[in-house]
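# Please work out how this folds:
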Amino acid sequence: MKVAVLSLAHVHAATYLRLLRDRSDIELITADPDADPEDPSRGKALADALGVSYRSSYEAALAEQPRAVIITSENTRHRPLVEMAAAAGAHILCEKPLATTEPDALAMIEACEKAHVSLMTAYPVRFHPAFASLRHSLTDGSLGRLLSVHGVNNSSPPALERSWFADPVLSGGGAVMDHTVHIADLLDVLLDGEQPTHVYAVANDHLSPAHDEAVQGVESAGLITMTYPGGLVATIDCSWSHPATHPTWGGLSLTCVTERAQVEFDAFPPLLTGYDTTHSTPRWEPTAVDLDAAMLNSFLTAARTGQRAHPDGYAGLRTLRIVLAAYESLVTGQPSAIPKTA
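Numbers count the residues shown, from 1 in each chain. Next comes the predicted model:
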């Protein structure tokens, strides 16, 4: 099956290429015409370094009629690439957030439905076996009603690797745009798609290094509070709070309080901690669960069989609405209501 990766702008693009390039069932191509030709971390330079076939334009890649397309562009460039891929008849995995505006997200969903292709949003954490166990524990009734959830998704600033993450024109925002959505997606799973009624947000840029212009201009720390129709309260710490010297790039966890228990989920628990004498830094060996590989397997299976991929575009839209409500709250200083949708 032919798979095309369009744009190598995102920090996850190289990971996807590495996971797919050696698979005997995949013919992999990529295109990144928007890259600076002098940038070794993108474009043909990165494709050559990874041993992946490169095409000079998106049109050239899509002309080869790939059955599946993975979009790893800057956030605000998702829509035109999704529409191009859908018109070419490809099933699509789009990096998160699905879009930065609701009209763009709706247009992407409509384009894929019109073309009868799947649109999947890249939320790998929902494929964690431990999260599946958590969901089962919360839905089988043994723990009682879910009362509150506290989610944490922290990392070092991605703008240290890709400067566009701190450019609102390309990213749509800072840490709130980047890290709210992963936790929001897990809540979406646990609550069967139920959306909050109100979202309240606070944020600042105090964690942005004053000497580093690459991460200036957007929020680097945020805390989102959501209330749901049944009374559940959920919070999301979505900060870029890890320093560059932290032993891991980031982390994600949930603390769920129910009527009968408190349950914790850690997507990246350490299996071994120690000290790296070569780099004079702490060393943290994470769990062996490869969530990106699990997500890609799910997407490729759906593309191969023609089944609907999950999480789909509507899941991406629901999480985006939470992010947009958070930004509205930051402007008004008040909780932002999320209108009921069909």
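# Helix, strand, or coil at Val82?
helix (DSSP: H, G, I helix; E, B strand; the rest coil).
# repeat for Met120
strand.
# What sits closest to it if chain neighbours are left out?
Closest residue to Met120 apart from its sequence neighbours, by Cβ to Cβ, 6 or more residues apart in numbering: Ala309 at 3.7 Å. (C-beta placed from N, C-alpha, C; glycine too.)
# and that neighbour, how many neighbours?
Close neighbours of Ala309, defined as other Cβ atoms under 10 Å, add up to 24.
# Next: Pro168.
A count of neighbours around Pro168, defined by other Cβ under 10 Å, yields 15.
# check contacts around it.
174, 217-218 (Cβ atoms under 8 Å, 6 or more residues apart in numbering).
# Whichever of those end up buried, select them in ChimeraX.
Selection of buried members from the contacts of Pro168 for ChimeraX, criterion 16 or more other Cβ atoms under 10 Å:
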select :174,218
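# Tell me how far the most far-flung residue of the chain relative to its centre lies from Arg283.
The outermost residue of the chain relative to its centre, with distances by Cα atoms, centre = their mean, is Thr277 at 33.0 Å. Distance, Thr277 to Arg283, using Cβ to Cβ, to the nearest Å: 9 Å.
# for the stretch 101-250 of the chain, what spans make up the strands?
119-121, 146-155, 198-204, 221-227, 233-237, 250-258 (DSSP state E, counting those that start in this stretch).
# closest one to Leu191 among the ones you listed?
strand 146-155 (8.0 Å; Cβ to Cβ).
# quick one: strands adjacent to the closest one?
strand 233-237 (parallel), strand 250-258 (antiparallel) (DSSP bridges).
# Not counting the last one itself, show me its contacts.
Contacts with strand 250-258, where a contact means Cβ under 8 Å, 6+ apart, come from 125, 134, 138, 143-156, 182-183, 186, 190, 242, 262-268.
# Send me it as CSV with only the CA atoms.
What follows is strand 250-258 as a C-alpha-only set of coordinates in CSV (Å, rounded to 0.1, in the frame of the first residue of the first chain):
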residue,chain,number,x,y,z
GLY,A,250,7.2,15.4,27.9
GLY,A,251,4.6,13.5,29.8
LEU,A,252,0.9,12.9,30.1
SER,A,253,-1.2,11.7,33.1
LEU,A,254,-4.7,11.6,34.4
THR,A,255,-6.0,11.5,37.9
CYS,A,256,-9.7,10.3,38.1
VAL,A,257,-11.7,10.6,41.2
THR,A,258,-14.8,8.4,41.4
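# in it, what's buried?
250-254, 256-258.
# Next up, the contacts around Leu93.
When contacts are counted by Cβ under 8 Å, 6+ apart, Leu93 touches 68-71, 120-122, 295-296, 299, 309.
# Now it: phi and psi?
Reported as degrees, to the nearest 10, the phi and psi values for Leu93 are phi -110, psi 120.
# Can you report how many residues neighbour Thr281?
Neighbour count of Thr281, defined by other Cβ under 10 Å: 12.
# angle of the worst-scoring helix or strand of the chain on mean pLDDT against strand 250-258?
In the chain, no helix or strand scores lower on mean pLDDT, DSSP states H and E than strand 281-286, which sits at a mean of 71. Between the axes of strand 281-286 and strand 250-258, defined by axes from the mean of the first three to the mean of the last three Cα atoms, to 10 degrees, the angle is 60 degrees.
# Show me which residues of the helix or strand just after strand 281-286 are buried.
Next helix or strand after strand 281-286 toward the C-terminus (DSSP states H and E): helix 291-305. By neighbour count on 16+ other Cβ under 10 Å, the buried set for helix 291-305 is 291, 293-296, 298-300, 302-303.
# What of stretch 222-231?
In terms of neighbour count (16+ other Cβ under 10 Å), stretch 222-231 has its buried residues at 222-226, 228.
# just stretch 87-103 next, same as before
By neighbour count with 16+ other Cβ under 10 Å, stretch 87-103 contains the buried residues 88, 90-100.
# what residue ranges in the protein score low on pLDDT?
Residues of the chain meeting the criterion pLDDT under 70: 208-216, 247, 270-271, 286-288, 341-342.
# Which element, helix or strand, includes the residue nearest in space to the middle of it?
The centre of the chain sits closest to Lys96, judged by Cα atoms, centre = their mean, with a distance of 3.6 Å. Under the criterion DSSP H and E, no helix or strand holds Lys96.
# To His10, which of the strands paired with strand 146-155 lies closest?
Closest approach to His10 among these (Cβ to Cβ): strand 250-258, 14.4 Å.
# Run through the neighbouring helices and strands of the longest helix anywhere in the chain.
The helix that spans the most residues within the chain, counting by DSSP state H, is helix 313-332. With contacts taken as 3 or more Cβ pairs under 8 Å, 6 or more residues apart in numbering; DSSP states H and E, helix 313-332 sits against helix 102-115, strand 119-121, helix 175-190, strand 198-204, strand 221-227, strand 336-337.
# could you give the angle of the fifth one to helix 175-190?
In this structure, strand 221-227 runs at an angle of 30 degrees to helix 175-190, with the same axes, to 10 degrees as the basis.
# what's in contact with strand 221-227?
By Cβ under 8 Å, 6+ apart, strand 221-227 touches 174-176, 179-180, 187, 196-207, 233-241, 322, 326, 335.
# Selecting buried members of those in ChimeraX, what would you type?
Buried residues within the contacts of strand 221-227, by 16+ other Cβ under 10 Å, are selected in ChimeraX with:
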select :174,175,176,179,180,187,196,199,200,201,203,205,207,234,235,236,237,238,239,240,241,322,326,335
